[in-house]
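# no sequence on this one, just coordinates:
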Ligand SMILES: Nc1nc2c(ncn2[C@@H]2O[C@H](COP(=O)(O)OP(=O)(O)OP(=O)(O)O)[C@@H](O)[C@H]2O)c(=O)[nH]1
Ligand SMILES: O=C([O-])CC(=O)C(=O)O
Ligand SMILES: [Mn+2]
C-alpha cells in the first residue's frame, strides 16, 4: 500500500477531485489516496474521522496560479498526499488529534483545548545564520561591508553565502544548488498541506495573501491561529502574482535513518530559510520552529513585506500597535519597535498602574503602515494571533496575556505538571504549587532545585488574538488605525535614559538606525552582548539597510501628519549596568506613555532640549505613587557625556564598516549634530528635576 502511495504521479492527482474532509474508506486506490488526509500512524485502517461538510474542492477549480504552484512543488518534494486546508474547526481538531496520536502534541488536560509541543532541543529559535535573501544583485539585499564579509562556517552547508551584520545574501545559482540537494523527495512519506492565508483582514486594503505548502501539521495548526486561513482566501487568488508563495518542509523524508527526538522531525544541519523577492517566494527547510516555519510572520510580513512596502511606498515593521485612552477619554494609537524578546507583547497588553488610563491591543509584533490620502499614517496588525514569549509572563507582569492563553492555545517548549497545566520561569507561584514535581521542556522531571530551566527561554504560546480581553475594537479595521507616535527601544543596561524624543523625522530615522540591545534567547546568539538592531529589524530586513533608511527618510512629505518618534529603555541597571533594573517596568510604563501622549498633543511645557533629543522637564513626569528611590529616578534620566561620546563613536564606526557607502548622508549628519550638541552643551537648558550627569559630576537643579 505504501509503495502504491510512493509511486503515484502527482500530475494525475491534479486531474482528480480534491474531496477534502469527507470520510473515506481506505481501499488502496492511489487516485483516492491523493484525495484525503490520513494520519500516517493510523495505518491500522482507522481513518482520521473528519466531520462532514468540510470544503469540497475540485483541484481544477482552484485558481490556475495556485494549481501551478502546488503542482510545481509537489513534483519536486514528492509528498505521498496533498491536503488543501479549508481552515475549519473540524480540520483543526483532526490535525490536533493526528499530532497527539503520533506523539508530537500533548493535550493539557487541566486547560481548555490547550496543547503542548516539545521540540527537538536543536530546534528552538530562529536561525539567523541560515536565513538569507536571494537576489540577482547582492547590493539590492545587503550593503557591502568595508572590511569584507563574515566568515561562513562550512558546517552551515550553504555554498557561497555572503554574511554581514545586516543580513545574508546568496546568488540565484548557489540557491539552486542548495535547493537541489535538499528539496527533491523531501516530503516523501508525508502529507503536503496547502495553507491559503491572508495577512490582515480578508480583503482589507492593506492586507496581502500567501499560500504556505508545508509537511508539518504542527505548522498548519499554528498558522490557523496566527493568520486568517482557509477556503475563504481562495476566492481572492485571481492570478499567480497576487499571492506570496511559501514552501516549508521539516526536511525529513520517510522512512528515515535520522534519529527523531520528541517526535519533532527537523534537520538542523541542513536548515535554511531562503527568500526570493524577485519570485515573491519563501523556501524554508529543516526547522519547524516559530519564525523559521510560520512563514506568514517574519518571512512574509517583514522580509518580503519590507520589500513590497518600499516598492509601494509604505512600511512593514517589527512593531506592536496599541490604543491608549487618557482619563478624559481621548484616544490615540502608538506603534513601538523593540527587538525580539524586549517587551512588545508586554507593552501591547499592558495594565496601566495609573488610574484612568486605558490600553487596548491592536497587535504585538508586526505593523503594516501606510499613509492615506488625508496624510494620516494608518496601521494594521497583519497577524491573527500572538506567538509570545512565555518566561516572564505572569499574572503580575502581564495578566492580560495570562487570560488570553487559558484556552485554544498551543504552547511550545514550556514545562508542565502531571495533571496538565503549563509552567515557566517567572510565572506566579500560586499557578503551580511548588515542591510538586514538574516535567521540564526537555521532558525530564523538574523541581525548583533543578539546575536547568523548566521552560526554554524562548518557549512560546500561540493564541488567537480575539481571545485577548483588551483587544482593540478596531483591531481588524481594514483601513487600519491612525498612528500618532512611533517608539524605538531596546535592552540598554547602561547610559540610555528612560525616555527621549527626536527633534524631527530625520532625527527619528537616526534614532531608529542606531537602536542597540542586549542579545536575547529569541535567536541563536549566545551571551549578553549589546548588539546593533537598527529599527529592531536587523534580522528581518528584506533589502539593503542603507536603502531602508532612505525609504524612511522619503516618507516625510508635505501634507503628511508625521508621527513623533521616541526612544525608551525599560532595562537600565544600577551600578553601571551590573545591578538590578532601575525602572519597575510593565504597568508602570504607562507613565512614559502618558508623557508621550501629551507630547503628541503638542504640549511643549513638559519637554526640554538635551543633546540627544527632548526629555521630560521638571514636574512633567508623573511619579505619584511610584515607590522607587529618588537616586534611581535620577540615574534613569541621567545623561553621561563621556558615555554618549563613546556611544556616538561606536555607532559611527558601525555605520562606516557595515553600511559603508550605502548609508544616506542625512543619517550621518544627525550623528554629527548630536556630537556637536554634546561638545557645545551650553546651548542647552540642562535643568531637570532628575539631575544630569556630565563628566561624572551630578547637577541636581531645582526649578
Ligand atoms: N524588566 C522588564 N522586563 C520586561 C518588560 N517588558 C517585558 N519584559 C520581559 O521581556 C521578555 C520578553 O517580553 P515580550 O513582551 O514577550 O517581548 P517581545 O518583544 O514581544 O518578543 P518577540 O515575541 O520575540 O518579538 C519577557 O520575559 C518579559 O517579562 C519591562 O517593562 N521591564
Ligand atoms: O519569529 C519568532 O520565532 C518569534 C518572534 O516573534 C521574534 O523572534 O521576534
Ligand atoms: Mn517578534
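Yes, it's here. These numbers come from a predicted model, not from an experiment. Ligands and ions are numbered 1, 2, ... in the order given.
# Neighbours of the residue nearest to residue 132 when sequence neighbours are not counted, how many?
Spatial nearest neighbour of residue 132, excluding adjacent residues (Cβ to Cβ, 6 or more residues apart in numbering): residue 168 at 3.7 Å. Where you see a C-beta, it was placed from the backbone N, CA and C, and this is true even at glycine. Residue 168 has 24 neighbours, counted by other Cβ atoms under 10 Å.
# Quick check: bridge partners of residue 168?
Here residue 168 sits in beta bridges with residue 163, going by DSSP bridges.
# Flag every residue of the chain that's near ligand 2.
126, 290, 291, 297, 298, 340, 365, 387, 522 (Cβ under 6 Å from any ligand atom).
# Give me the subset of those that also touch ligand 1.
Answer for the residues of the chain next to ligand 2 near ligand 1 (Cβ under 6 Å from any ligand atom): 340, 365, 522.
# picking that back up, what's the spacing between the residue nearest to residue 132 and ligand 1?
Residue 168 sits 20 Å away from ligand 1, going by Cβ to the nearest ligand atom, to the nearest Å.
# Quick check: that residue touching residue 174?
No - between residue 168 and residue 174 there is no contact under Cβ atoms under 8 Å: 11.6 Å.
# any common contacting residues for those two?
Here residue 168 and residue 174 share the contacting residues residue 161, scored by Cβ atoms under 8 Å, 6 or more residues apart in numbering.
# distance of the residue nearest to residue 132 from residue 129?
8 Å (Cβ to Cβ, to the nearest Å).
# cool, and residue 330?
For residue 330, the distance to residue 129 - Cβ to Cβ - is 46 Å.
# the more surrounded of those two?
Ranked by neighbour count (other Cβ under 10 Å), residue 330 and residue 129 place residue 129 first, with 19 against 10.
# before we move on, back to that, for the residue nearest to residue 132, what are its contacts?
Taking Cβ under 8 Å, 6+ apart, one finds 128, 129, 131, 132, 133, 142, 161, 162 in contact with residue 168.
# per-residue confidence at it?
Note on residue 168: pLDDT of 98.
# ditto for residue 575
83.
# quick one: buried residues of the host helix or strand of it?
Residue 575 is part of helix 574-577 when elements are defined by DSSP states H and E. Neighbour-count burial for helix 574-577, counted by 16 or more other Cβ atoms under 10 Å, picks out residue 574.
# what helices or strands is that helix leaning on?
Here helix 574-577 touches no other helix or strand, going by 3 or more Cβ pairs under 8 Å, 6 or more residues apart in numbering; DSSP states H and E.
# Distance from that helix to the middle of the chain?
Averaging C-alpha positions (Cα atoms, centre = their mean, to the nearest Å) puts helix 574-577 30 Å from its chain's average.
# Kindly report the same for stretch 70-79.
Put simply, stretch 70-79 sits 29 Å off its chain's centre (Cα atoms, centre = their mean).
# Mind checking the pLDDT average for it?
Taken as a whole, stretch 70-79 has a mean pLDDT of 96.
# hey, where'd the helices end up in the stretch 501-650 of the chain?
505-513, 545-554, 574-577, 590-600, 630-637, 641-654 (DSSP state H, counting those that start in this stretch).
# Pipe those into JSON lines and attach distance to ligand 1 per row.
Formatted as JSON lines, the helices of the stretch 501-650 of the chain follow (distance: least, Cβ to the nearest ligand atom, whole Å):
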{"stretch": "helix 505-513", "distance to ligand 1": "16"}
{"stretch": "helix 545-554", "distance to ligand 1": "19"}
{"stretch": "helix 574-577", "distance to ligand 1": "13"}
{"stretch": "helix 590-600", "distance to ligand 1": "10"}
{"stretch": "helix 630-637", "distance to ligand 1": "12"}
{"stretch": "helix 641-654", "distance to ligand 1": "21"}
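# so where's the stretch 101-250 of the chain shaky on pLDDT?
For the stretch 101-250 of the chain, the stretches flagged by pLDDT under 70 are 239-241.
# one more time with 80
Residue ranges of the stretch 101-250 of the chain with pLDDT under 80: 238-241.
# List just the nearest of the contacts of residue 168 to residue 542.
residue 133 (6.3 Å; Cβ to Cβ).
# which residues does residue 392 contact?
Contacts of residue 392 (Cβ under 8 Å, 6+ apart): 425, 426.
# cutoff 7 Å now
Residues counted as contacts of residue 392 (Cβ atoms under 7 Å, 6 or more residues apart in numbering) are residue 426.
# And it, its phi and psi?
phi 90, psi -10 (degrees, to the nearest 10).
# Number the residues from 7 up from this point.
Happy to do that; since the first residue is 7 now, the last one works out to residue 398.
# now it: how far from residue 390?
Counting by Cβ to Cβ, the gap from residue 398 to residue 390 is 24 Å.
# go on, residue 518?
Separation of residue 518 from residue 390 (Cβ to Cβ): 27 Å.
# which non-adjacent residue is nearest residue 449?
Of all residues not flanking residue 449 in the chain, residue 124 sits nearest, at 5.8 Å (Cβ to Cβ, 6+ apart).
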